[in-house]
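J.: Got a sequence here, can you model it:
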Amino acid sequence: MPGLSEPLRELAARVSNRGRWGADDQRGTLNLIDQAAVLRGAAAVRQGKTFSLAVPFDADGPQTGAIPGRDNPVHEMVAVNVAYTGDPAGFTTSDDRMSMGVQAATHWDALSHVGYEGLLYNGTPDTVITEAGAAQLGIEHYGAVASRGVLLDVARVHGVGHFDDAHQITCDELDAAADIAGVTIEAGDIVLVHTGHMHFLHAGERDRYRMTSPGLTAATAEWFHRHDVAAVATDTFVLEVMPCEDPAVLLPVHMIHLRDMGLAQGQIWFTDELAASCAGDGQYDFMLAATPIPLTGATGGMVAPTAVK
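T.: All right, here's what the predicted structure looks like:
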């Protein structure tokens, strides 16, 4: 399967951030989160409401085994009420461990996750990734991720709770969702795109959740670039529309976002409760704290995001 088509190459060139933050940059658009963006997020805390945006990390997660190594979390107890002093009436402790793919549940993709034509973000050769991990562009370089978040409810634009097909989300729909939210997207904001697609995961239809999904079209890369969005996450498995717009080009949004723009993207975020709250009280902006676990050299990172209104 080829890389980007010629029109997509032209799009990638228009939105490229290569060199924008220096030749050694490893954070991409997260550099757009400055003090003003953080303070804007803090100012959005007006009600004292909190929302967890992570799905449960357990064996009943969204993975089906179709992607080798991307397994649902497996939890194991390694110590149960152990009396280290030998006296069970004294100090006792329990410990656990887990095994999972770093992108198996709610997560961020690192900028090392996707490339094409031998290059990753900022012109970095993909040879920096070895069996030992990513020597550059690992998830640990994201650092602290906290800014104003804005929820764009694309399902509400169409008056539905969720889409039953592979709906292609356009720039016009993102604008319409922003109009409903009454929010102007500003540099450094983190955008959450709500589609309601987690309906199928909750119903136990994991294949439906994974393979037939509403999502972003490649053209929306210009929308995120124009607004200087720091990161984007969705409630879907892939973020972009599945099946892909062009059957001959696999995951073009991933290629353009991660390799060309350096745009952090997150998948499998639980936005149902947040979307219901936003529709109910009319507040679609909030403080978002979403720092990934800094697993050195990883091409993705588990995260338990929290929105505060």
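
J.: From here on, just use CA atoms for contacts and neighbour counts.
T.: OK.

J.: Which residue comes closest to residue 153 once chain neighbours are left out?
T.: Spatially, and ignoring its direct neighbours in sequence, residue 153 is nearest to residue 194 (4.7 Å; C-alpha to C-alpha, 6 or more residues apart in numbering).

J.: center of the protein - which residue?
T.: The centroid of the chain falls nearest to residue 266 when counting by C-alpha atoms, centre = their mean (0.5 Å).

J.: Torsion angles phi and psi at that residue?
T.: phi -120, psi 150 (degrees, to the nearest 10).

J.: How much space separates residue 220 from residue 112?
T.: Residue 220 sits 21 Å away from residue 112, taking C-alpha to C-alpha, to the nearest Å as the criterion.

J.: Compare those two and say which is more crowded by neighbours.
T.: Higher neighbour count among residue 220 and residue 112: residue 112, with 29 against 18, using other C-alpha atoms under 10 Å.

J.: Helix, strand or coil: sort out the more buried one for me.
T.: For residue 112, the assignment made with DSSP: H, G, I helix; E, B strand; the rest coil gives coil.

J.: pretty sure it contacts residue 137?
T.: Yes - taking contacts as C-alpha atoms under 8 Å, residue 112 lies within contact range of residue 137: 5.1 Å.

J.: Find the residues that touch each one of those two.
T.: Common neighbours of residue 112 and residue 137 (criterion: C-alpha atoms under 8 Å, 6 or more residues apart in numbering): 121, 299.

J.: For residue 149, which residues are in contact?
T.: 41, 189, 190, 191, 192, 285, 286, 287, 288, 307.

J.: And these, which two are furthest apart?
T.: Farthest pair in the contacts of residue 149 (C-alpha to C-alpha) is 41 and 192. Separation: 13.9 Å.

J.: ok, these two, which is more surrounded?
T.: Comparing residue 41 with residue 192 by other C-alpha under 10 Å, the one with more neighbours is residue 41, at 26 against 22.

J.: still on that earlier bit, out of the contacts of residue 149, name the ones that lie in helices.
T.: If you go by DSSP state H, those have residue 41 in helices.

J.: Could you list the low-pLDDT ranges of this structure?
T.: Residues of the chain that meet the criterion pLDDT under 70 lie in 1-2.

J.: cutoff 90 now
T.: Applying pLDDT under 90 to the chain flags residues 1-3, 65-69, 88, 165, 211, 247-248.

J.: just the helices in it please.
T.: Here the chain has its helices, by DSSP H, at 6-15, 35-43, 154-157, 171-181, 198-202, 206-211, 220-226, 252-254, 272-281.

J.: Out of those helices, indicate the one that is most buried.
T.: Mean neighbours per residue, mean count of other C-alpha atoms under 10 Å, is largest over those for helix 252-254, with a mean of 23.

J.: measure stretch 32-49 end to end?
T.: End-to-end span of stretch 32-49 (C-alpha to C-alpha): 26 Å.

J.: what does that stretch contact?
T.: Stretch 32-49 is touched from outside by 146-149, 187-189, 228-230, 285-288, 308-309, with contacts defined as C-alpha under 8 Å, 6+ apart.

J.: Among these, pick out the one closest to residue 28, please.
T.: Using C-alpha to C-alpha, the contacts of stretch 32-49 come closest to residue 28 at residue 230, 8.3 Å.
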